[in-house]
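**Q** here are the coordinates; sequence isn't available:
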């Protein structure tokens with residue numbers, strides 16, 4: 001999840017003409033509204049997994065891979 005967040009930050013930063021470190025859950029909410037719920041959740045999960053050791057299932061990873069791929073390609077992007 002940390003790698004996914006790190007990959008999405010520069011993509012979204014370029015799309016929105018911001019520095020990558022400005023891509024936060026708050027900024028995603030402001031820019032994507034309800035369409036950004038999955039991306040905001042991904043950013044939150046990156047921290048949760050890092051600090052809590054929370055483990056996810058293969059289905060979880062599959063879902064998040066699709067979400068990240070959509071954002072990386074600009075599909076459903078604002």
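**A** Good, I have the coordinates. All values derive from a computational prediction rather than experimental measurement.

**Q** backbone phi and psi for residue 24, please?
**A** phi -120, psi 170 (degrees, to the nearest 10).

**Q** same question, residue 55
**A** Torsion angles, degrees, to the nearest 10, at residue 55: phi -110, psi 140.

**Q** what's the neighbour count on it?
**A** 7 (other C-beta atoms under 10 Å). C-beta: built from backbone N, CA, C; applies to glycine.

**Q** do residue 6 as well
**A** Counted with other C-beta under 10 Å, residue 6 comes out at 11.

**Q** with residue 59 instead?
**A** Counted with other C-beta under 10 Å, residues neighbouring residue 59 total 8.

**Q** helix, strand or coil for it?
**A** helix (DSSP: H, G, I helix; E, B strand; the rest coil).

**Q** and the pLDDT for it?
**A** Looking at residue 59, its pLDDT is 80.

**Q** show me what contacts it?
**A** Residue 59 sits next to no residue when contact means C-beta atoms under 8 Å, 6 or more residues apart in numbering.

**Q** swap in residue 16?
**A** Per C-beta under 8 Å, 6+ apart, neighbours of residue 16: 23, 27, 31.

**Q** skipping adjacent residues, who's closest to residue 28 in space?
**A** Take residue 28 and drop its neighbours on the chain: the residue closest to it by C-beta to C-beta, 6 or more residues apart in numbering is residue 36, 4.3 Å away.
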